[in-house]
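# can't give you the sequence, but here's the structure:
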């Protein structure tokens, strides 16, 4: 009996472990290979499915507060995305999950038609023990019938530690804590202080002992609450103004004499092109600010230039901060922001090849040219549409064109309206970027459409045939033959009668001659 109970408990424990280890939003009966109803072939590896933070924003969370984070899922896979879910990774794929785990699963259902997008919102509450820091959080898209994620995307998220302020040191002979001591007062535990300064578990602050003149160990923290760029979309090879929003989280201490320095990642394909992704358009990368009042906010701005050969993706920029409190103690801190960079589509067309250049109504002309993708981004769902008053509208779908690739445009245009000489025809090329935004470009060509002409020699032959058909040739020929035969018969008879008469006359003359001789 005991063995049976142990066996049943083992089976239940195994079932519980399988349930917990199943990815969020993927049901056990759905993790069966071979079920292709969830997505089409083009979407099985996530091709064309992307996840982006709304307005490319890096969210900032505060300890104990609930904040909504919205992600945008774009479906450019070529097929509809059905029975899929979007969920964050709560396990080892994230550096650290900084939020309260309030639900067993955060999976959100996805049903997105091809070419469309869906906004998905999550509400997270930051744990109170999380320090001010930047976290890398991963979100995955799972589809029915596939255990592995279709798409995995990592995002930055900023957390703000719970403020420690207006705290009095313990009363005693030594009001200032020694390095390594832990202070307990009013039910709050203070983090330890080492010889180099004050540690908040995230950003490092060096404060010359970590206390002000009044003996308080509270350190004013300056955090980045957000940023914006002008223009809103940063394009490779262009200048932009970066404005960073700052906040002094201390409600009692003013910070001053602030120095900020920006550091961008190094990018480049070879030794000749290696350089920071962003460089100051003028001056240096350092910014000075006089100060921020207690619980106050301020903005700093700098004009930067984005390298022309940057890929289209977000780039992380580190921001180091040095400032002083009211007592002149120097404090060091650091933060980072992520700036998305866009690349402009760049392409060219070859000259049109038109055969023939003049057609009759109802006939077709073959039009061909090449599309050269000279830019650094992929063109999605490319199509060419030919329109004009003299032709029937024609559309040619080219699909996706990779960077540096060539696509051939080949169309048959049918003439539907005669023109007075060559007439304009417009080719409109449309394409989409990674976010599904549609752009167009046009190119003109000329085609002449003529009225339908009948060949003159063919007409004359047809007229002769018609005349021959209208005249009764055979009856006339028969009658003419009969007439000729009758004439021949009459002539022959006349000749025979004449010959017979002559013969009779000769015989009569002979008889007369013989009778005259007898008489003699």
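That came through, no problem. Remember, predicted model here, so these are calculated numbers, not experimental data.
# Okay, strands next: where are they in the stretch 301-450 of the chain?
Ranges of strands in the stretch 301-450 of the chain, per DSSP state E, counting those that start in this stretch, are 314-324, 330-342, 347-349, 353-355, 358-360, 364-373, 379-387, 394-401, 406-414, 423-432, 438-450.
# Pull out the buried residues from the second one.
I take that to be strand 330-342. For strand 330-342, the neighbour count (16 or more other C-beta atoms under 10 Å) marks 331, 333, 334, 335, 336, 337, 338, 339, 341, 342 as buried. Quick note: C-beta positions are derived from backbone N, CA and C, even for glycine.
# And it, what does it pack against?
Under the contact criterion of 3 or more C-beta pairs under 8 Å, 6 or more residues apart in numbering; DSSP states H and E, strand 330-342 touches strand 151-160, strand 204-205, strand 222-230, strand 234-235, strand 314-324.
# And the ones you listed: which comes nearest residue 97?
Across the helices and strands packed on strand 330-342, residue 97 has its closest neighbour in strand 151-160 (10.5 Å, C-beta to C-beta).
# List the buried residues in that closest one.
Buried-residue list, strand 151-160, by 16+ other C-beta under 10 Å: 151, 153, 155, 156, 157, 158, 159, 160.
# now it and strand 314-324, what's the angle there?
Computed by axes from the mean of the first three to the mean of the last three C-alpha atoms, to 10 degrees, the angle separating strand 151-160 from strand 314-324 equals 10 degrees.
# and strand 151-160, which strands flank it?
Using DSSP bridges, strand 151-160 pairs in its sheet with strand 60-62 (parallel), strand 133-143 (antiparallel).
# on that earlier part again, turn the strands of the stretch 301-450 of the chain into a markdown table, including distance to residue 66 and mean pLDDT.
Compiled in a markdown table, those are given as follows (distance: least, C-beta to C-beta, whole Å; pLDDT from 0 to 100):
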| stretch | distance to residue 66 | mean pLDDT |
| --- | --- | --- |
| strand 314-324 | 26 | 92 |
| strand 330-342 | 22 | 91 |
| strand 347-349 | 46 | 93 |
| strand 353-355 | 63 | 92 |
| strand 358-360 | 68 | 91 |
| strand 364-373 | 45 | 94 |
| strand 379-387 | 37 | 94 |
| strand 394-401 | 41 | 94 |
| strand 406-414 | 49 | 94 |
| strand 423-432 | 36 | 94 |
| strand 438-450 | 37 | 93 |
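# follow-up on the earlier one: which one of the strands paired with strand 151-160 has the lowest average pLDDT?
For those, mean pLDDT drops lowest on strand 133-143, to a mean of 87.
# longest helix of the protein?
Looking across the chain with DSSP state H, the single longest helix is helix 473-519.
# quick check: mean pLDDT across that one?
Averaging pLDDT along helix 473-519 gives 80.
# before we move on, what about stretch 112-127?
Mean per-residue pLDDT for stretch 112-127: 90.
# how long is it from one end to the other?
End-to-end distance for stretch 112-127, by C-alpha to C-alpha, to the nearest Å: 33 Å.
# Mind listing what's buried along it?
Neighbour counts over stretch 112-127 (16+ other C-beta under 10 Å) mark 112, 114, 115, 118, 120, 122, 124, 125, 126, 127 as buried.
# For residue 79, state which of those is nearest.
Proximity of the buried residues of stretch 112-127 to residue 79 was ranked by C-beta to C-beta; the top entry is residue 114 with 5.7 Å.
# and that closest one, what element?
Using DSSP states H and E, residue 114 sits in no helix or strand.
# quick revisit: please tabulate the strands of the stretch 301-450 of the chain in JSON lines and include distance to residue 74 as additional columns.
Formatted as JSON lines, the strands of the stretch 301-450 of the chain follow (distance: least, C-beta to C-beta, whole Å):
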{"stretch": "strand 314-324", "distance to residue 74": "15"}
{"stretch": "strand 330-342", "distance to residue 74": "14"}
{"stretch": "strand 347-349", "distance to residue 74": "22"}
{"stretch": "strand 353-355", "distance to residue 74": "36"}
{"stretch": "strand 358-360", "distance to residue 74": "43"}
{"stretch": "strand 364-373", "distance to residue 74": "20"}
{"stretch": "strand 379-387", "distance to residue 74": "10"}
{"stretch": "strand 394-401", "distance to residue 74": "14"}
{"stretch": "strand 406-414", "distance to residue 74": "22"}
{"stretch": "strand 423-432", "distance to residue 74": "10"}
{"stretch": "strand 438-450", "distance to residue 74": "13"}
